[in-house]
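Peer 1: Generate a structure from the sequence data that follows.
(chains A, B, C and D)
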There are 2 protein chains.
Amino acid sequence: MTQDAATTRLDAVKLDGTGPIYDQIRRAVRDLILNGTWAPGTSVPPEHALMEQLGASRMTVHRALVQLAREGLITRRRRSGTIVASPPASHAMLDILSIPDEVKRLGQRYDYEVLSREDRRPSAEIALRFGLKRSEKISHVVTLHRADGRPHVLEERVIHLAVVPAVAGEDFSKMPPGDWLLGNSLWSEAEHAISAVPAEPDDAQHLGIEVGEPCLLIERRTWNQSAPVTAVRLLYPGARHRFIGRFGPYGAV
Amino acid sequence: MTQDAATTRLDAVKLDGTGPIYDQIRRAVRDLILNGTWAPGTSVPPEHALMEQLGASRMTVHRALVQLAREGLITRRRRSGTIVASPPASHAMLDILSIPDEVKRLGQRYDYEVLSREDRRPSAEIALRFGLKRSEKISHVVTLHRADGRPHVLEERVIHLAVVPAVAGEDFSKMPPGDWLLGNSLWSEAEHAISAVPAEPDDAQHLGIEVGEPCLLIERRTWNQSAPVTAVRLLYPGARHRFIGRFGPYGAV
DNA sequence: GCTATCTAATTGCATATGCAAATGACAAGC
DNA sequence: GCTTGTCATTTGCATATGCAATTAGATAGC
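Peer 2: Residues are numbered from 1 along each chain as shown, chains lettered A, B, ... in the order given. A predicted model of the protein is given here:
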């Protein structure tokens, strides 16, 4: 079913006069998508409409849209028109991915348990671990994910209440925090760090492994327009997990 | 200094007649670069020349070259023309990178030592570890890299002699195997796997850590046109190393 | 109601044309 | 030799035009 075109207001597209016209158009549309003005699934005005609105030739508009399509922000089909793409669920080696999906892809049964949940200013320990200011109000959630009943990964997460206020009313009983955030927050940038660490006593108990056993630690922080959204530490029992990626010398294969 | 244009034979560009013309051109040029016919640093024929040779309009040729430039395979400058780019030394989180560079970027003094070197068919143990057939002739090299005199990473590598025959005459006294390969082989595809493992006794001794201490293991295999080139296991003391990457929801930031 | 057909909206592609911008090469002048 | 200026080459950008391919939606026929 086609979306209502009224959801993408044509006059929202504004050029900034710097650089080539096609690139001004590209950036204008890109920004409308990234800041959520044009939501995924809504339709982008057809080339003719943009052409008249912006006073550019169709080929110039076309060039901008083709490039956005190659970047994956929009998808285009003849006659149907152009719609805003949904951010890909997974890409490259270590994308933001859903742990339920990750487990199901391995053909295992998934379940999870929220071990603790606190909404308040961070303790000194948590502030240190996640690089927070003590004054920032956050939600702190610890979740254990299981595959076929066995501990799969231990997730410790902070969510910035100022950026994602809706989290206050969510108890993560239907969906673990990572998946809930995918649908309830926007992010424009992420940073990963991978390291190998020995399991601490608490971690070892939750994961059912020996203290000191090697674990793969993935620390991820995400921002939206430079405002921190969430930070997470994912602790995987090292013996059971590998992360795999494929690519070519110039990037994509 | 500009390269001799004679190194890029114009008649080497052949279209295959499938798909849009601009894409045929793009693929034809891309293949000439990837298979080494047009070496990095050599100049690509100017748009006018390709246009006449191929019987396409300049805009069509232009479109193909602009796209290749965006993909990073060529670099273009007005008046100077178009030259084949060198593969980027590093990109994204876990690219093929030079360990000397990695150490120097940390501001530390680099040195290395080749611990062993054997050119022959693989032992059962090595074949298992790298997924080789016992019949393939390989070179097996173990190298310890140091930063400020301290062990930094232990590298164990196999190189396929059939694909990189020149390795037989190289003793890696001037340059470690990874860096030597960057200049003496081509690759079109790579696969990484990251995991956390406990240090084995041998590893622990070389790295100066305790047996069982967590280490980050990076296993990388590279191919050129589906022929295996090299496989390497890089063992980093986990406590001292992290790998960091940054990106946005749609890929590049 | 269901299906086949037609129509028109929309993107995809290629060409031709013209001018702008950057700059390597060379010549002129000191 | 050195600097300065001019010229020609090459890429960058935008427009106008025309046709092809796809297909959603309307229409006609059963």
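Peer 1: mind listing what's buried in stretch A:230-247?
Peer 2: In terms of neighbour count (16 or more other C-beta atoms under 10 Å in any protein chain shown), stretch A:230-247 has its buried residues at A:230-238, A:240-243, A:245, A:247. All C-beta spots, glycine's among them, are computed from the backbone N, C-alpha and C.
Peer 1: before we move on, what about stretch A:175-185?
Peer 2: For stretch A:175-185, by 16+ other C-beta under 10 Å, it's A:175-182, A:185.
Peer 1: likewise stretch A:209-219?
Peer 2: A:209, A:212-219.
Peer 1: mean confidence for that stretch?
Peer 2: What stretch A:209-219 shows for mean pLDDT is 91.
Peer 1: For chain B, give me its nearest residue in the stretch 1-150 of chain A.
Peer 2: Using C-beta to the nearest C-beta, residue A:87 is the residue of the stretch 1-150 of chain A that sits closest to chain B, at 4.2 Å.
Peer 1: The helix or strand of chain A with the lowest mean pLDDT packs against which elements?
Peer 2: Lowest by mean pLDDT, DSSP states H and E among the helices and strands of chain A is strand A:243-247, with a mean of 72. On a contact count with 3 or more C-beta pairs under 8 Å, 6 or more residues apart in numbering or on different chains; DSSP states H and E, strand A:243-247 meets strand B:189-198.
Peer 1: What's the first helix or strand after the strand it packs on?
Peer 2: Proceeding N to C from strand B:189-198, the next assigned helix or strand is helix B:201-207, under DSSP states H and E.
Peer 1: that's a helix at residue A:103, yeah?
Peer 2: Yes: according to DSSP: H, G, I helix; E, B strand; the rest coil, residue A:103 belongs to a helix.
Peer 1: For it, report the pLDDT, please.
Peer 2: 82.
Peer 1: ranges for the helices of the stretch 1-150 of chain A?
Peer 2: A:21-34, A:47-54, A:58-71, A:99-105, A:124-130 (DSSP state H, counting those that start in this stretch).
Peer 1: Among the ones you listed, show the one with the smallest mean pLDDT.
Peer 2: Lowest mean pLDDT of the helices of the stretch 1-150 of chain A: helix A:99-105, a mean of 82.
Peer 1: Quickly run through the sheet partners of the helix or strand containing residue A:217, with directions.
Peer 2: Applying DSSP H and E as the criterion places residue A:217 in strand A:214-224. Here strand A:214-224 is paired, per DSSP bridges, with strand A:189-198 (antiparallel), strand A:227-237 (antiparallel).
Peer 1: How about residues contacting the longest one?
Peer 2: It refers to strand A:227-237. Residues outside strand A:227-237 that contact it (C-beta atoms under 8 Å, 6 or more residues apart in numbering or on different chains) are A:129-132, A:151-160, A:162-164, A:178, A:181, A:185-187, A:197, A:199, A:203, A:207, A:209, A:213, A:215-223, B:196.
Peer 1: Save the helices of the stretch 1-150 of chain A as JSON lines, and put in mean neighbour count too.
Peer 2: Converted to JSON lines, these look like this (neighbours: other C-beta atoms under 10 Å in any protein chain shown):
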{"stretch": "helix A:21-34", "mean neighbour count": "19"}
{"stretch": "helix A:47-54", "mean neighbour count": "16"}
{"stretch": "helix A:58-71", "mean neighbour count": "18"}
{"stretch": "helix A:99-105", "mean neighbour count": "16"}
{"stretch": "helix A:124-130", "mean neighbour count": "14"}
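Peer 1: Make TSV out of those and add distance to residue B:41.
Peer 2: Below are these laid out as TSV (distance: least, C-beta to C-beta, whole Å):
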stretch	distance to residue B:41
helix A:21-34	29
helix A:47-54	40
helix A:58-71	27
helix A:99-105	43
helix A:124-130	46
